[in-house]
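A.B. asks: Please find the sequence and the predicted model below.
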Amino acid sequence: MSKIKSLAHSIRVQFSIIFLAILLTVLVVVIVINTTFLDDYYVHSKKEAIKTAYSTINIAANNGNLSSQDFDIELQKVCEKYNIELIVLDADSQTIKTTASDVQFLTKLLWENMLSENGTSLTKDKKILEQTDEYTLQTETDVRTGTGYMEIWGVLGNGNLIMMRTALESIAESVTISNNFVSYVGFMIAVLILLTVFFITKKITDPITDLSAISDEMKALNFEAKYKPRKFTNELDRLGENINELSSTLEKTITELKNANYELQQDIDKKNELDEMRRDFISNVSHELKTPIALIQGYAEGLSEGINDDDAESRQFYCEVIMDEAAKMNNMVKKLLTLNQLEFGKSDMTMERFNIVDMVKNYIKSAEILARQKNVTVRMEEYPDIYVWADEFKTEEILQNYYSNAINHVAGEMIIEIKLQLIENHVRISVFNTGTPIPEDSIKHIWDKFYKVDKARTREYGGSGVGLSIVKAIMDSMHQQYGVINYDNGVEFWFELETK
């Protein structure tokens, strides 16, 4: 903000300096012109004035109007206007017209000029400015008073003699007075201009300050600041309105661009994730299928080569191994297809309301043979009906994976216990089996595809490491919670469903 204020201050100072420099230049030029040309201009003005007066009197003399009352009035006006003293004499040196206070001196001066070309003792410093057959125009200094005069003397058209003179004031003193006056006035004007400039530039720089602040906010990608037009609309206000529109457009465009970038990044991340999943899938499937395929190939080659042709029991064993490995492969492929559909969103989710207690009981009953084969005791208390919202088929698939996992890992007391617990608007279904707890460093990986805590044991019961990945994919698609809890004497897997 201090930068903006400094900018505004700088603009105001610059305006003030410019106006002050112009004013000072004008003052200097006026003083130089006064000093250099005022003297010549003053002399020229006096020269034209006295010639005009001579011409007026000469016309009146030629017209015979020198003695008329109208001419007397006109002559008085001319003499008073130009401060002229004059005397008109006839051939007998008789005074016809005069406005001089000292007629005798002016008469004497006229005759001395007429009779002496070099002047008389009455004047000095004579300088002829213009000379014709009718008159002589000159400047000279009165020896009595030291005053300079401009004089014109000669003959009128009717033969009368004329002498006119006007005092030349001190031009140097007038120039000094004029320059002092101009300086005083210029100083006052300069102060007035500075005040006016500061006031005017404030009106100009305030909108510029606002626009600068808005541009700084826009540079920081903050588009909340808006320009507020003044009372009187001008170009800066229109610029401010355009900046407001530009700010809104930039905000909208940047928002759209960010959204597009976000979506693009999501697409890229999704593509990378899919590529990674594809590579992992191919690698894991290749690894998982390598062993059963090798077994099938080996035992099939043994049968083909007639090993133990006479031993029907051996041939039966070879066939059972081949069928068992083929069944494992088939089961794993089915699970992989199911997982693939879930992870890529190609599996339809049918949400419906059903009794979870009935579904659990029915499944336990259908899986009794598995429990009897391993001498497992399955426990479940009696629960009232509990209705949930979920995909019933996929919920049963979750239960099946948890139950199969429990059957395959049960040990110790050989007990599997299934519980249902209401938690606010959810019900938690848990499957517990006695046995060895899952190592802590493996818990975070058990939901990954093809991960096996005990690979040797998993191989015994034909586990593929995909079951819990299917559980994770189903629960994620239904946006519900799931997990695992270790106990000293076993492991509990659980998942939750909405009851309302």
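C.D. replies: Yes, it's here. Being a predicted model, the structure only gives us computed values, none of them experimental.

A.B. asks: avg pLDDT for the host helix or strand of Y42?
C.D. replies: According to DSSP states H and E, Y42 maps onto helix 2-63. In this model, helix 2-63 has a mean pLDDT of 77.

A.B. asks: Tell me which other helices or strands that helix touches.
C.D. replies: helix 69-82, strand 84-89, strand 135-142, strand 148-155, strand 161-168, helix 171-219 (3 or more C-beta pairs under 8 Å, 6 or more residues apart in numbering; DSSP states H and E). For glycine as for every other residue, the C-beta is placed from the backbone atoms N, C-alpha and C.

A.B. asks: quick one: the helices in the stretch 401-500 of the chain?
C.D. replies: For the stretch 401-500 of the chain, helices defined by DSSP state H, counting those that start in this stretch occupy the ranges 440-443, 455-461, 467-478.

A.B. asks: which stretch in those helices is the model least sure about?
C.D. replies: Minimum mean pLDDT among the helices of the stretch 401-500 of the chain: helix 455-461, a mean of 46.

A.B. asks: and stretch 101-109, C-alpha only, in PDB?
C.D. replies: Provided in PDB are the C-alpha atoms of stretch 101-109 (Å, rounded to 0.1, in the frame of the first residue of the first chain):
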ATOM      1  CA  SER A 101       3.000  75.800 -20.300                       C
ATOM      2  CA  ASP A 102       6.200  77.600 -21.400                       C
ATOM      3  CA  VAL A 103       5.400  79.100 -24.800                       C
ATOM      4  CA  GLN A 104       8.400  81.200 -25.000                       C
ATOM      5  CA  PHE A 105      10.800  78.300 -24.400                       C
ATOM      6  CA  LEU A 106       9.000  76.100 -26.900                       C
ATOM      7  CA  THR A 107       9.100  79.000 -29.500                       C
ATOM      8  CA  LYS A 108      12.800  79.500 -28.900                       C
ATOM      9  CA  LEU A 109      13.400  75.800 -29.200                       C
END
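
A.B. asks: Give me the buried positions along that stretch.
C.D. replies: L106, T107, L109 (16 or more other C-beta atoms under 10 Å).

A.B. asks: Could I get the residues you listed in TSV, plus columns for secondary structure and pLDDT?
C.D. replies: Listed next are the buried residues of stretch 101-109 as TSV, based on DSSP: H, G, I helix; E, B strand; the rest coil; pLDDT from 0 to 100:
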residue	secondary structure	pLDDT
L106	helix	86
T107	helix	88
L109	helix	86
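
A.B. asks: okay, these in TSV with distance to K449 next?
C.D. replies: Below are these laid out as TSV (distance: C-beta to C-beta, whole Å):
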residue	distance to K449
L106	136
T107	141
L109	135
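
A.B. asks: Could you list the low-pLDDT ranges of the stretch 251-400 of the chain?
C.D. replies: 274, 277-292, 294-295, 299, 303, 306-312, 314-315, 324-325, 327-348 (pLDDT under 70).

A.B. asks: all helices in it, in order from the N-terminus.
C.D. replies: Per DSSP H, counting those that start in this stretch, the stretch 251-400 of the chain carries helices over the ranges 312-343, 356-366, 368-373, 392-409.

A.B. asks: and the helices and strands packed on helix 2-63 as JSON lines, adding distance to N58?
C.D. replies: Shown next, in JSON lines, are those (distance: least, C-beta to C-beta, whole Å):
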{"stretch": "helix 69-82", "distance to N58": "12"}
{"stretch": "strand 84-89", "distance to N58": "10"}
{"stretch": "strand 135-142", "distance to N58": "9"}
{"stretch": "strand 148-155", "distance to N58": "9"}
{"stretch": "strand 161-168", "distance to N58": "8"}
{"stretch": "helix 171-219", "distance to N58": "29"}
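
A.B. asks: would a markdown table of the ones you listed with mean pLDDT be doable?
C.D. replies: Formatted as a markdown table, those follow (pLDDT from 0 to 100):
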| stretch | mean pLDDT |
| --- | --- |
| helix 69-82 | 82 |
| strand 84-89 | 89 |
| strand 135-142 | 88 |
| strand 148-155 | 90 |
| strand 161-168 | 88 |
| helix 171-219 | 74 |
